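Trainee: Below is the structure, and that's it, no one-letter string:
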RNA sequence: GCAGGAGUGCCCGAGUUGGUCAAUGGGAGCAGACUGUAAAUCUGCCGGCGUAAGCCUUCAGAGGUUCAAAUCCUCUCUCCUGCACCA
C-alpha cells in the first residue's frame, strides 16, 4: 500500500485547488485509521443528462478516489432542479416532473458508469431531505450566510456590478447545495472551478452543524473543441461520453493543436502524447483521439475508429458509408432527400449547399435541386466532407406523411 | 407605486425625418480553395417555400393610421436605471 502522503498527492494531482491545503492528507489518514473509505460527493444538475468530456475531467478524478478505495456519492439535485436555474444565464427552467427526474437519473447512471466504478458509487437525490424542510428550516439555513459573503461569488459580484438582476432564490442555491454536504456528511466534494464558492459553502454549513468540514477539490474547466470557450453542449463544442467512437476520434482530431496537451493533461492521458516534440502534432493528436475513444468505447472500437479515420480522411480511400433507407410513395427531389437525411435543416439550406457545390452524387457534383429519384434507386450521396450516406429509396405503400393522412 | 430608458434575425448589435429592409456590421455556423477533418488565409452562403420566376412569414405581443411601418399612434407584457417603500 502506498503512503498516506503519496495517496493524497495523487488524489490532488491536476486539481486547481485543494482547500484547505494539506487537509486531504489528514482525511486520508483518518479514513485509514478508522477503516472506512472517504465519502466523496459530486453534485449533478438533474436537467442535463448529457455528459461530455468536460464533466469527464471531474468524473475521472472521482474514479481515482474509487481506485484508492473511496466511495463516491453521486448526488442528483432533483430538488434544486425543480425550482429553476441559478446561473441567471438561462431563463427559469420549467419544473421537472418526478418522471422526468427519474428518467434523467437513469440516463445519468448509464453515462456515469462508463467512467465510475458502479460498486463504489451511491446515487442519491437531494429531494430526500429537502422536501422535508419547512420554511423555518430554510430560514435557519439562510441565517448561516451573510449577503456580503454571498455577493463575493464571482457570478453575483459581476451581475451586481453590471446592474443585472439577482433573484433572492438564487442566494438559496449555494445554501441548498451546501446543505447537501451536511445531509450526506461528505468528507470531500469535487467539482469544477466554477463551483468553488458553492463547495466552500458546504464547509461552512457543516461547521455550523458541528460536522467535520469537507475537503474541497476543484478541477479545471475543459475547453471545447473550438479551443476557446469551455466545453458545453449548447455551444456545440462538446464531445459526449456516449458518442460513437468515430465521433470521438474525429472530433478530437478537429481540435486546435495547442489544445492537445491540455486535454491530455486534464483527462489523464499525458503518457499517450509524450513530451512535446516526441511525436508530431498530428501523431500526438491521433494518440489522444484513440486514447479517448478507447477509454469510453473500448480498445477495439478505438483502433477501428482510428483505421477508419485514416483511410477515410487521410488516404481519401473509398469506404463503406452508412446505409440509409428512405420510404417513398412518389419521386423524391434531391432537396427533399437532403432534408430527410438531416444533411440540411431546410430546403433552402439544401439548395444553398447544392449551389455551392457541396453535394455530390457518386463522384459527380449535383447541380439540379429538383433532380428527382424514384423508389428502388440507390445512390451514394455526400455533403461536404463529413456527411455521407448510401441512400436507398424504398417503395412504401402507406403514406407516412401525416398531412396526407385522413384527408 | 412614480419618473425615465430599452426590447431587432443563433448571439452581439446598426437602423426609428415611414418606402430603395429579409433588414448595415461583427461573432458563431456551413460550404468552396488550401490542408493534417489543425491553425492561418482567401471566397461564397447564412428566415421559409419554390427547378425557376416569384411568393410567404419576421424586427417583444395585440390592435390602429397609411397606397406603404422595424420605423408613426394606442394598449399589453418584459427588462433596466433612479426615486419611493422598508417608521
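Mentor: Arrived safely, thanks for sending. Predicted model, so just to flag it, every value in this text is computed and none were measured.

Trainee: Can you tell me the number of residues neighbouring the spatially closest residue to residue A:230 that is not a sequence neighbour?
Mentor: Across the structure, with CB to CB, 6 or more residues apart in numbering as the measure, the residue nearest residue A:230 apart from its sequence neighbours is residue A:221 (4.5 Å). All C-beta atoms are positioned from the backbone trio N, CA, C, and that covers glycine. Around residue A:221 sit 19 other residues, with neighbours defined as other CB atoms under 10 Å.

Trainee: in its sheet, what does the helix or strand residue A:218 falls within sit against?
Mentor: Under the criterion of DSSP states H and E, residue A:218 resides in strand A:215-219. Taking DSSP bridges as the criterion, strand A:215-219 sits next to strand A:17-19 (antiparallel), strand A:188-192 (parallel) in its sheet.

Trainee: mind checking how far the first one is from the chain centre?
Mentor: If you compare the mean C-alpha spot of strand A:17-19 with that of the full chain, they lie 23 Å apart, counting by CA atoms, centre = their mean, to the nearest Å.

Trainee: and the helix or strand following that strand, which residues are buried?
Mentor: The helix or strand immediately downstream of strand A:17-19 is helix A:23-34, counting by DSSP H and E. Along helix A:23-34, these residues count as buried under the neighbour rule (16 or more other CB atoms under 10 Å): A:23-25, A:27-28, A:31.

Trainee: Return the set of buried residues in stretch A:218-234.
Mentor: Across stretch A:218-234, burial judged by 16+ other CB under 10 Å covers A:218-225, A:227, A:230-232.

Trainee: Could you restrict these to the ones contacting RNA strand B?
Mentor: Under the cut-off given by CB under 7 Å from any atom of the strand, RNA strand B has residue A:227 from those close to it.

Trainee: which two from the buried residues of stretch A:218-234 end up farthest apart in space?
Mentor: Checked with CB to CB, these reach their widest spread between A:218 and A:225, with 22.9 Å between them.

Trainee: Can you report phi and psi for the residue nearest to residue A:230?
Mentor: In this entry, residue A:221 is assigned phi and psi values of phi -90, psi 130 (degrees, to the nearest 10).

Trainee: Just the pLDDT for it.
Mentor: The predicted local distance difference test score for residue A:221 is 87.

Trainee: Residue A:239 versus that one, what's the distance?
Mentor: Using CB to CB, to the nearest Å, one gets 15 Å for the distance from residue A:221 to residue A:239.

Trainee: is it true that residue A:303 touches residue A:291?
Mentor: No - between residue A:303 and residue A:291 there is no contact, the gap being 11.0 Å when judged by CB atoms under 8 Å.

Trainee: Show me which of the two is the more surrounded one.
Mentor: The neighbour comparison of residue A:303 against residue A:291 (other CB under 10 Å) goes to residue A:291, with 21 against 15.

Trainee: List the residues that contact that one.
Mentor: The contact partners of residue A:291, taken as CB atoms under 8 Å, 6 or more residues apart in numbering, are A:264, A:269, A:272, A:302.
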